[in-house]
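# structure, please.
(2 chains)
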Number of protein chains: 2
Amino acid sequence: MKKYLITGCSGFVGRHFVDYLEQRHRECIVLGVDLQTPRVDLDGYRHVRFSFAQTDLLFQDDIESVVAKFQPDFILHLASQSSVAAGWKRPVETFLNNTNIFLNLIEAVRRHRVTCRIISVGSSEQYGNVNETDLPLSESQELNPVSPYAAARSAQEHLATVYADGYGLDIVLTRSFNHVGPGQSAVFVVSSLVKQMVEIKRSGRERGTVVAGDVSIVRDFIDVRDVVAAYDLLLQKGVSGNIYNICSGAGVSIRDVIDRIATQLCLSVDIETDCLMLRPLDSKIIIGSNQKIKEELGWHNTIPLEQSLKDMITFWEARSGCAGTL
Amino acid sequence: MKKYLITGCSGFVGRHFVDYLEQRHRECIVLGVDLQTPRVDLDGYRHVRFSFAQTDLLFQDDIESVVAKFQPDFILHLASQSSVAAGWKRPVETFLNNTNIFLNLIEAVRRHRVTCRIISVGSSEQYGNVNETDLPLSESQELNPVSPYAAARSAQEHLATVYADGYGLDIVLTRSFNHVGPGQSAVFVVSSLVKQMVEIKRSGRERGTVVAGDVSIVRDFIDVRDVVAAYDLLLQKGVSGNIYNICSGAGVSIRDVIDRIATQLCLSVDIETDCLMLRPLDSKIIIGSNQKIKEELGWHNTIPLEQSLKDMITFWEARSGCAGTL
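As a prediction, the model looks like this:
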């Protein structure tokens, strides 16, 4: 029975990945590690034997001990401080909790000579500000990180490549684009917008104001359920040392996202720009090419943005009061 | 009177930089920080007011305190674990002692709003394995780090760029090529070769064996005294956020270096390859273009390799017994 080590397993993507394994009746052993305990019933799975070990990946001895004892076949490294905005506010913490934790993890695998495949999750933000003529961005596009978060992810990618090519570790890399889907924290823009508009609707109003940063920026949104399917495929079939974009291939502006949510909720919406949400150097437009993972591995995205938004609305509607940011 | 903060000041380049200021009668205040106390007479300078504070840059509070108190006009960040070979053996330590120490330093400047110019020293190793058609390498060449050391330096560069462009810090970046010159540690290949051959000569033999790694690799060697002149020029005139190659523009193989030292010492030399000195992925050939710093800032290299080797021979000849690696 295959053993999966999932870092950051208590987060948005981790929960969806374990659900994915369970839904596909994958008989397997999963050890989740995270700073926070997962908000799921550990005994609620039939096919996945799920256990959890609270672990701070910044402590090299701790993660080495976990890796050496568990001897995983697969490592899905999801642990990350993944908010670009938070990265600008706390750049050192963001660097540590992306690059250094990843380095500690792969060093643990190297030192203990564990034979396993690792997924190194990177970000579309690594591409930075690009020329429109370069769109959609392929994996051969030069990196141009323009935020602390993007610099941290680029460093992680370089380390992953060195450990794969130089030390022979089996590491498959991604550049994953902007996630959407039910259960996402409202610190991320689309989930925040859905939450705000669900609250307007709940209050009985037909018109309201949402607060956002720069709504003109264009992003390539991909549903988390398509993302975890890609990670599973990469664990099975990805080529070590290779980088794969995980994206929809389509660009949508934040303004357009607001319009689509408003339409689904039958709301009229005014937009208030929060200057504090404007970032020093935002990438204006990011759209990826998913040709490589489609053609080489047969992945395809299955959930249109409308469906993601619908499921996010349902998610936030089920949360009474919507207190906090999740 | 201008204040210089020099990190890694007890090292090879730090000593030469302070000597450079002194020789040019630069009336200034220098605070050196390093893990090791410098092996110089602190009171031996007439123009430079030199003081030292033992500091581990991995402790963010410590470097913040130094920066906030000293309020430097210039920061020359030389602290580094700069051996590519050591990087392969101790990748985590190498990453921490390149990337994380630099991040702690620039974060200290950002948090305390110190108005100063910072030199971020990068490495030619960041270019990685390149096509011969790309030689000599200009600053626009895409980075392709193939060693832990190169990955660490590339991460440092990305962080420097983000802090310059995103937070408005005044940071000038370099990609400095392989240093040579008197006083260099014998953990670096050319100094090791000179030391080995000086020892053969001292033993009275006319023929001997030197131990080296891959002698076919070609590097662009630049004398440390030309390097520190470039750093001084960049502190005065460099453009913030810009990257400058610091190199000779010429490539020489290790085998050729051995021949040149042997000629100067009138020795015949056999080469023994130490497999432990062969690295997983060595860049085969690295030659830089120094056109940018020459044309834009008027720097030029003045010390030919023959002179560097001559001065290195004199240096090692003066060390009786040559115990240790310096």
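# single out the residue in chain A that lies closest to chain B.
Closest residue of chain A to chain B, C-beta to the nearest C-beta: residue A:155 (3.4 Å). From N, CA and C alone the C-beta is placed, and that goes for glycine too.
# now name the helix or strand holding that residue.
Using DSSP states H and E, residue A:155 sits within helix A:148-167.
# excluding its backbone neighbours, what's nearest the residue of chain A closest to chain B?
Nearest residue to residue A:155 in three dimensions, chain neighbours excluded: residue B:155, at 3.4 Å (C-beta to C-beta, 6 or more residues apart in numbering or on different chains).
# about what we covered before: between the helix holding residue A:155 and helix B:148-167, how many degrees?
Helix A:148-167 and helix B:148-167 are oriented at 170 degrees to each other (axes from the mean of the first three to the mean of the last three C-alpha atoms, to 10 degrees).
# can you name the next helix or strand after helix A:148-167?
strand A:170-176.
# who are the packing partners of that next one?
Where contact means 3 or more C-beta pairs under 8 Å, 6 or more residues apart in numbering or on different chains; DSSP states H and E, strand A:170-176 is packed against strand A:117-123, helix A:148-167, helix A:224-237, strand A:243-246.
# what's in contact with the helix or strand just after the shortest one?
On the C-terminal side of strand A:243-246, the nearest following helix or strand under DSSP H and E is strand A:252-253. For strand A:252-253, the surrounding residues in contact (C-beta atoms under 8 Å, 6 or more residues apart in numbering or on different chains) are A:215-221, A:305.
# near chain B, which of the residues you listed show up?
Filtering the contacts of strand A:252-253 for proximity to chain B (criterion: C-beta under 8 Å from any C-beta of the partner chain) leaves nothing.
# buried subset of these?
A:215, A:217-221, A:305 (16 or more other C-beta atoms under 10 Å in any protein chain shown).
# and chain A, which residues reach chain B?
Contact residues, chain A versus chain B (C-beta under 8 Å from any C-beta): A:60, A:88, A:91-92, A:95-96, A:99-100, A:103-104, A:107, A:142-143, A:145-148, A:150-151, A:154-155, A:158-159, A:161-163, A:165-167, A:280-281.
# buried members of these into PyMOL, please.
The buried residues among the residues of chain A next to chain B can be selected in PyMOL (16+ other C-beta under 10 Å) with this line:
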select buried, chain A and resi 60+88+91+92+95+96+99+100+103+104+107+143+145+146+147+148+150+151+154+155+158+159+161+162+163+165+166+167+281
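# what's the burial count for residue A:134?
12 (other C-beta atoms under 10 Å in any protein chain shown).
# please apply the same query to residue A:138.
13.
# that one contacts residue A:289, correct?
Yes: contact criterion C-beta atoms under 8 Å: residue A:138 and residue A:289 qualify, at 4.7 Å.
# could you look up the SS state of residue A:179?
Of the three states, residue A:179 takes strand under DSSP: H, G, I helix; E, B strand; the rest coil.
# what about it, distance to residue A:98?
Using C-beta to C-beta, to the nearest Å, residue A:179 is found at 16 Å from residue A:98.
# please name the nearest non-neighbouring residue to residue A:13.
Using C-beta to C-beta, 6+ apart, the nearest residue to residue A:13 is residue A:78, at 5.1 Å.
# ok, now which ones touch that neighbour?
Contacts of residue A:78 (C-beta under 8 Å, 6+ apart): A:6-9, A:11, A:13-14, A:17, A:121.
# can I get these in TSV including secondary structure, neighbour count and pLDDT?
Output for the contacts of residue A:78, formatted as TSV (DSSP: H, G, I helix; E, B strand; the rest coil; neighbours: other C-beta atoms under 10 Å in any protein chain shown; pLDDT from 0 to 100):
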residue	secondary structure	neighbour count	pLDDT
A:6	strand	30	98
A:7	strand	26	98
A:8	coil	25	97
A:9	coil	27	96
A:11	coil	23	95
A:13	helix	25	97
A:14	helix	23	97
A:17	helix	28	97
A:121	strand	28	98
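# between residue A:179 and residue A:98, which has more neighbouring residues?
Shown here are residue A:179 and residue A:98; by other C-beta under 10 Å, residue A:98 has more neighbours (27 against 23).
# wait, the more buried one sits on residue A:148?
No: counting by C-beta under 8 Å, residue A:98 stays clear of residue A:148, with 9.2 Å between them.
# list the buried residues for stretch A:299-311?
By neighbour count with 16+ other C-beta under 10 Å, stretch A:299-311 contains the buried residues A:299, A:301, A:303, A:305, A:308-311.
# quick check, distance from that stretch to the centre of its chain.
Distance, stretch centre to chain centre, for stretch A:299-311: 15 Å (C-alpha atoms, centre = their mean, to the nearest Å).
# what pLDDT, on average, does it get?
Mean per-residue pLDDT for stretch A:299-311: 98.
# just the endpoints, please. Distance across that stretch?
Criterion C-alpha to C-alpha, to the nearest Å; first-to-last residue distance in stretch A:299-311 is 22 Å.
# check what contacts it and list those residues.
A:180-182, A:190, A:194, A:221-223, A:225-226, A:229-230, A:233, A:247-250, A:252, A:257, A:260-261, A:264, A:290, A:293-294.
# show me the helices in the stretch 201-326 of chain A, by range?
All helices of the stretch 201-326 of chain A, identified by DSSP state H, counting those that start in this stretch, fall at A:224-237, A:254-265, A:291-297, A:305-317.
# okay, those, which one's buried deepest?
Ranked by mean neighbour count, the helices of the stretch 201-326 of chain A are led by helix A:224-237 with a mean of 21 (mean count of other C-beta atoms under 10 Å in any protein chain shown).
# read off the pLDDT value for residue A:276.
pLDDT, read off for residue A:276, is 70.
# please export the C-alpha coordinates of the helix or strand that residue A:85 is a member of as CSV.
Using DSSP H and E, residue A:85 maps to helix A:84-89. Output of helix A:84-89 as CSV, limited to C-alpha atoms (Å, rounded to 0.1, in the frame of the first residue of the first chain):
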residue,chain,number,x,y,z
VAL,A,84,1.3,37.4,-2.3
ALA,A,85,-0.1,40.2,-0.2
ALA,A,86,1.1,38.7,3.0
GLY,A,87,4.5,38.2,1.4
TRP,A,88,4.9,42.0,0.9
LYS,A,89,4.0,42.6,4.6
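# next one: it to chain centre, how far?
15 Å.
# report the buried residues of it.
Neighbour counts over helix A:84-89 (16+ other C-beta under 10 Å) mark A:84-88 as buried.
# list of residues touching the helix or strand just after that helix?
Using DSSP H and E, the next helix or strand after helix A:84-89 towards the C-terminus is helix A:91-95. By C-beta under 8 Å, 6+ apart, the residues outside helix A:91-95 that reach it are A:81, A:86-87, A:148-149, A:151-152, A:155, B:60, B:99-100, B:103-104, B:107, B:159, B:162-163.
# avg pLDDT for helix A:91-95?
Rounded mean pLDDT across helix A:91-95 is 98.
# residues in contact with residue A:207?
A:200, A:267-270.
# now with 10 Å, please.
Counting by C-beta atoms under 10 Å, 6 or more residues apart in numbering or on different chains, residue A:207 touches A:200, A:262, A:267-270.
# run through the residues that contact the residue of chain A closest to chain B.
Contacts of residue A:155 by C-beta under 10 Å, 6+ apart are A:95, A:98-100, A:102-103, A:126, A:145, B:95, B:99, B:145, B:151-152, B:154-159.
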